[in-house]
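Chemist: after the sequence you'll find the predicted model.
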Amino acid sequence: MTDQDIRWIQRAQNYEKAFLRLKETMEMEDLNELERDGVCYQFKMTMDLAWSLLKDALIKQGFSFSPSPKTTFRLAQQSSWIDNAQLFIDGIELRKCIIIDCIWMTYHPHIKCR
């Protein structure tokens, strides 16, 4: 088994765990602020792992491409790995917004203007 095979297996296992944890958390009700932050982080992690996993799968199949998220998801749809590339692309964009919002909410109260 090559290093590439091991990485593929590890990413697949990590994605499955992250997805199941995100799903479980999304089904919870009345989350407090810390738990909501955890959901944001879990969503970001799950999206990153989805992108990495699909990128590895496509490379393993012999595709040569620019491994940006949009390109990866579109090629994954063309290769029948996923049904809706735009859904994943929107998730990556949402992930960016979530990160910015989390940073803003965490650090903004501590910034002092002079």
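Modeler: Thanks, I have it.

Chemist: element containing residue 86, please.
Modeler: Assigned by DSSP states H and E, residue 86 belongs to helix 85-107.

Chemist: now that helix: average pLDDT?
Modeler: The pLDDT scores in helix 85-107 average 73.

Chemist: what about residue 14, distance to residue 80?
Modeler: Counting by CB to CB, to the nearest Å, the gap from residue 14 to residue 80 is 23 Å. Where C-beta positions appear, they are placed from N, C-alpha and C, glycine not excepted.

Chemist: do residue 94 as well
Modeler: Counting by CB to CB, the gap from residue 94 to residue 80 is 24 Å.

Chemist: looking at the two, which is more packed in?
Modeler: Set side by side, residue 94 and residue 80 show more neighbours around residue 94, with 14 against 7, by other CB atoms under 10 Å.

Chemist: helix, strand or coil for the residue most central in space within the chain?
Modeler: Computing the C-alpha centroid of the chain and ranking residues by CA atoms, centre = their mean puts residue 47 first, at 1.1 Å. What DSSP: H, G, I helix; E, B strand; the rest coil gives for residue 47 is helix.

Chemist: residue contacts, it?
Modeler: Residue 47 sits next to 88, 91-92, 95 when contact means CB atoms under 8 Å, 6 or more residues apart in numbering.
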